[in-house]
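>>> sequence first, predicted coordinates after that:
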Amino acid sequence: MNQNLDTLGELEVSYKYKSNLSEKPKINSSLDAYHIASKFISQDAIGLQEKLIVLYLNNCNIFIGCLNEFSGSLTSTIFDVKMIVGTGIKLMASAAIVIHNHPSGNLKPSNEDIKATEKLKAAFNYMDIKLLDHLIITPEFRYLSFSDEGLL
């Protein structure tokens, strides 16, 4: 083996804490999560295409960060389990809430929504991160909470 190890890439993981916990919102309900999510999903685009965000929380349900990465089509979006769980691990999150919009205004979760939620919940559980909720939101400022509906 005659390879130069100096040319290999190095993985760097970092965490920068930028504010006091007292300045961050605490999520006590699905309505609290909806209000925070509405700050991250553009109201101009909510009826155009599906978007998925993930809110990460510490062990007191205080918001510590958001993954705002996934955009889809009119009828679907990507649930990248590795990226979602990996971000939770990097943030040292204790819990997470997944939110995505339905541009159609239909609040009913699809079979794909339910399957993706179950898969994500299992992956989070394995890493000791609790999936607290999955919200579906609409352009009409309505939402459905998987947790409130007993779907989680």
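Perfect, I can see it now. Because the structure is predicted, anything quoted here is derived from the model rather than measured. Numbering: from 1, shown residues only.

>>> what's the first helix or strand after the helix or strand of the chain with the lowest mean pLDDT?
Sorted by mean pLDDT, DSSP states H and E, the helices and strands of the chain end with strand 63-71, the least confident at a mean of 78. Remark: after strand 63-71, the chain's next helix or strand is helix 81-90, criterion DSSP states H and E.

>>> following that next one, which helix or strand shows up next?
Tracing the chain past helix 81-90, the next element assigned as helix or strand by DSSP H and E is strand 95-101.

>>> pairing partners for that next one, with directions?
strand 51-57 (antiparallel), strand 130-137 (parallel) (DSSP bridges).

>>> okay, angle between that strand and helix 81-90 too, please.
Between the direction of strand 95-101 and that of helix 81-90, the angle (axes from the mean of the first three to the mean of the last three CA atoms, to 10 degrees) works out to 140 degrees.

>>> what is the helix or strand containing N125 packed up against?
Element membership for N125, per DSSP H and E: helix 111-126. Helix 111-126 sits against helix 81-90, strand 95-101, strand 130-137, with contacts defined as 3 or more CB pairs under 8 Å, 6 or more residues apart in numbering; DSSP states H and E. For every residue, glycine as well, the C-beta is placed using N, CA and C.

>>> let's see 7 Å
helix 81-90, strand 130-137 (3 or more CB pairs under 7 Å, 6 or more residues apart in numbering; DSSP states H and E).

>>> go through that helix and flag the buried ones.
Across helix 111-126, burial judged by 16 or more other CB atoms under 10 Å covers D113, A116, T117, L120, K121, A123, F124.

>>> tabulate these (CSV), appending distance to E140.
Below are the buried residues of helix 111-126 laid out as CSV (distance: CB to CB, whole Å):
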residue, distance to E140
D113, 18
A116, 23
T117, 22
L120, 26
K121, 27
A123, 31
F124, 30
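
>>> columns pLDDT and distance to F63 on top of those, output as a markdown table?
Supplementary listing: the buried residues of helix 111-126 in a markdown table, determined by pLDDT from 0 to 100; distance: CB to CB, whole Å:
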| residue | pLDDT | distance to F63 |
| --- | --- | --- |
| D113 | 92 | 23 |
| A116 | 92 | 22 |
| T117 | 94 | 20 |
| L120 | 95 | 19 |
| K121 | 96 | 20 |
| A123 | 96 | 21 |
| F124 | 96 | 17 |
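
>>> tell me which of those is nearest to H100?
The shortest approach to H100 among the buried residues of helix 111-126 belongs to D113, at 7.7 Å (CB to CB).
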